[in-house]
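J.: What follows is a predicted structure for the sequence shown.
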Amino acid sequence: MNNKDKKSSETEEELFPSKQHRLLDDDVNESLPSGKARCNQGRDLVCSKYRMAWVMVFFDLPVSSSDERRDAANFRKELLKDGYVMVQFSIYARPCGSADRVETQVRRLKSKIPPHGEVRGLIVSDAQWGRMIVMRSQKKVESEKMPEQMMFF
């Protein structure tokens, strides 16, 4: 095999790593009959970055009257109570460990939307979230990390 073929093979391995290379021995606590391994949290290691997701909420709420300001403030407080973090002034995000949690958060979000204004939601995988580019004052910084332990209610 010449250097060009060897380099091509290495690049292909980086893009499409075999299942054996994706599983980390120190994270695996049991081997399942199907041949898949699970990590200590019970997640499939191969797919965990794509099963875990972030629910992002973008909103423009009117604040002309005192009632509208109260509704907007209450909406923000409810987001914080539900475990969302403020990414920017009108952008909040919440990590979810499964598709069921995402559905639950979307349902809860719909029930809290104020009578006026616009609220949008976007669901991104943890892998996509990790590729976010964050810049502050011309300096690149790390994006928020998925919490080590999820809170359950």
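T.: On my side now, so go ahead.
J.: CA only for contacts and neighbour counts going forward, please
T.: Noted.
J.: Are there helices or strands packed against the helix or strand hosting residue 124, and which ones?
T.: In the assignment (DSSP states H and E), residue 124 maps to strand 118-125. Helices and strands touching strand 118-125, by 3 or more CA pairs under 8 Å, 6 or more residues apart in numbering; DSSP states H and E, are helix 48-51, strand 53-60.
J.: got the domain boundaries for the protein?
T.: Listed by automatic domain parsing, the domain ranges of the chain are 3-39, 48-141.
J.: what residue ranges in the protein score low on pLDDT?
T.: Filtered on pLDDT under 70, the chain yields the residue ranges 1-50, 140, 146, 148-153.
J.: Burial-wise, tell me which of the helices and strands packed on strand 118-125 comes out on top.
T.: Comparing the helices and strands packed on strand 118-125 by mean neighbour count (mean count of other CA atoms under 10 Å), strand 53-60 comes out on top with a mean of 20.
J.: between that one and strand 118-125, how many degrees?
T.: 160 degrees (axes from the mean of the first three to the mean of the last three CA atoms, to 10 degrees).
J.: Begin at 9, not 1, for the rest of this chat.
T.: Sure, I'll start numbering at 9, so the last one becomes strand 61-68.
J.: CA atoms only for strand 61-68 - export them in CSV, please.
T.: Extracted in CSV, the C-alpha atoms of strand 61-68 (Å, rounded to 0.1, in the frame of the first residue of the first chain):
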residue,chain,number,x,y,z
ALA,A,61,-30.6,17.3,22.5
TRP,A,62,-31.0,20.9,23.3
VAL,A,63,-34.3,22.7,23.1
MET,A,64,-33.7,26.3,22.0
VAL,A,65,-36.4,29.0,22.5
PHE,A,66,-36.3,32.3,20.6
PHE,A,67,-38.8,35.0,21.4
ASP,A,68,-39.9,38.5,20.7
